[in-house]
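Visitor: My questions are about this predicted structure, shown below with the sequence.
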Amino acid sequence: MDYKRRKLSKKERKQIHGSLGGHCAYCGCDLTIKDMQVDHKQPLRKGGSDTIENMLPACRPCNHRKSTLDIEQFREDVLNFPNVLQRDNVTYRNAVRFEVVVPNLHKVKFYFEREGLEE
């Protein structure tokens, strides 16, 4: 199956950028239109459409990490970050042990959800 994305017009990119006031849909960081990447909320490989309604502005780190995950899979991935750090990073383990870093596990709510732009 072909998952080729269509080329967006400048007007469409501007519309996507403005949909969240120039913020990444996931972490909420400020984005310039030049640095914005367009993410398919429901990935094309998982039945998502290549339409503006399925597109969100994203920063490069969030878009790269989300990849072809759907929203709930990405949420689970983010929730697992502390476990991965605990397993793989001795500096993180020491920081937790000395209480310099305190894991704050909570339900992950993405920026677009906090801003009331949920479907």
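Guide: Sure, I can see it.

Visitor: Return the distance of the residue located most distally from the centre of the chain relative to R45.
Guide: The C-alpha centroid of the chain is most remote from F98, which lies 30.5 Å away (C-alpha atoms, centre = their mean). The gap separating F98 from R45 is 43 Å, by C-beta to C-beta, to the nearest Å. Backbone N, C-alpha and C define where each C-beta goes, glycine included.

Visitor: Stretch 60-74: how far from the chain's middle?
Guide: Centroid separation for stretch 60-74 versus its chain: 5 Å, with C-alpha atoms, centre = their mean, to the nearest Å.

Visitor: show me where the protein has helices.
Guide: 10-18, 60-66, 71-79, 81-88, 90-97, 111-114 (DSSP state H).

Visitor: what about this protein, any weak spots by pLDDT?
Guide: Filtered on pLDDT under 70, the chain yields the residue ranges 1-3, 117-119.

Visitor: how about a markdown table for the helices of the chain, with distance to V38 and mean neighbour count added?
Guide: Listed next are the helices of the chain as a markdown table, based on distance: least, C-beta to C-beta, whole Å; neighbours: other C-beta atoms under 10 Å:
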| stretch | distance to V38 | mean neighbour count |
| --- | --- | --- |
| helix 10-18 | 6 | 14 |
| helix 60-66 | 8 | 17 |
| helix 71-79 | 15 | 15 |
| helix 81-88 | 24 | 12 |
| helix 90-97 | 32 | 12 |
| helix 111-114 | 13 | 17 |
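
Visitor: could you redo the ones you listed as JSON lines and give each row distance to A25?
Guide: Output for the helices of the chain, formatted as JSON lines (distance: least, C-beta to C-beta, whole Å):
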{"stretch": "helix 10-18", "distance to A25": "9"}
{"stretch": "helix 60-66", "distance to A25": "8"}
{"stretch": "helix 71-79", "distance to A25": "10"}
{"stretch": "helix 81-88", "distance to A25": "18"}
{"stretch": "helix 90-97", "distance to A25": "27"}
{"stretch": "helix 111-114", "distance to A25": "4"}
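
Visitor: closest one to K41 among these?
Guide: With C-beta to C-beta, the closest approach to K41 among the helices of the chain belongs to helix 71-79: 6.4 Å.
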